[in-house]
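Asks: Coordinates for the following, if possible.
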Amino acid sequence: MTNLFSSFDPSTSFNLSLNWMSTFLGLLIIAPIFWVIPSRFNLIWSKIIITLHKEFKTLIGPVNSHGSTLIFISLFSIIIFNNFLGLFPYIFTSSSHMTLTLTLALPLWLSFMIFGWINNTIHMFAHLVPQGTPPILMPFMVCIETISNIIRPGTLAIRLSANMIAGHLLMTLLGNTGSSLSILFLNFLIITQILLLTLESAVAMIQSYVFAILSSLYSSEVN
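Replies: Next comes the predicted model:
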């Protein structure tokens, strides 16, 4: 390990890139749900999915939401699963890498843009100039809106990966100092690590929700 950031490198441990297998572990867990009697976990997850469906339906609109919410619910599910999986020791956090986050954000944004500019061209042009803009500022507003539209997939990807890396990096830094501390400070360190783990659990849920909500908002703008 050459530096601290190399602990987040996919090929660091055992000289293998099998760390990415954590992304596909969900398929082994989700599959039996469809064949066994629903447990409490299944019922809780069903309630979460129904709540998300109602939320996305409100954002997208009742006309355009036929089946569209399934995309964003699936997106939320895969991100929250990867985020939580990364909280376990010695498991690679795939959602902390731009390779995964940009792969999720870029095709979604690109498909929305292509659909919008082909089917609702006038509507997309109208989005470039906010309502009530003075005529003098219109060229500047078009430039600003165009740039803000282009950087959307980048901001989605960076927001998720940066939030995942920041907490894990802080926990790694604090954990590495444990061997040189006294018993008294070690107790404080353990309490701090537990609190940080709780915070990271909240961040894992919030960031997956934010990613899915912003994606649905971008899709609602092209209709």
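
Asks: Every contact and neighbour count from this point should use C-alpha atoms.
Replies: OK.

Asks: now what about the helix-or-strand element of the chain with minimal mean pLDDT, what contacts it?
Replies: Scoring the helices and strands of the chain by mean pLDDT, DSSP states H and E places helix 25-30 at the bottom, with a mean of 72. With Cα atoms under 8 Å, 6 or more residues apart in numbering as the test, helix 25-30 has contacts from I78, F81.

Asks: switch to 10 Å and redo it
Replies: N42, S77, I78, F81, N82, L85 (Cα atoms under 10 Å, 6 or more residues apart in numbering).

Asks: Ok, stretch 51-66 next?
Replies: Taking Cα under 10 Å, 6+ apart as the rule, stretch 51-66 contacts 45-47, 49-50, 67-70, 72-73, 76, 209, 212-214, 216-221, 223.

Asks: Tell me the buried residues within those.
Replies: I49, T69, F72, I73, F76, Y209, A212, I213, S216, Y218, S219, S220 (16 or more other Cα atoms under 10 Å).

Asks: would you list these in CSV and tack on distance to M113?
Replies: Listed next are the buried ones among the contacts of stretch 51-66 as CSV, based on distance: Cα to Cα, whole Å:
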residue, distance to M113
I49, 27
T69, 18
F72, 17
I73, 21
F76, 21
Y209, 22
A212, 17
I213, 17
S216, 13
Y218, 9
S219, 9
S220, 11
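
Asks: which element is V36 on?
Replies: Taking DSSP states H and E as the definition, V36 sits outside all helices and strands.

Asks: give the contact list for it.
Replies: When contacts are counted by Cα under 10 Å, 6+ apart, V36 touches N42.

Asks: mind checking how far it is from I30?
Replies: 11 Å (Cα to Cα, to the nearest Å).

Asks: ok, which stretches of the protein are helices?
Replies: Ranges of helices in the chain, per DSSP state H, are 25-30, 40-60, 68-85, 98-119, 121-127, 138-150, 152-176, 183-221.
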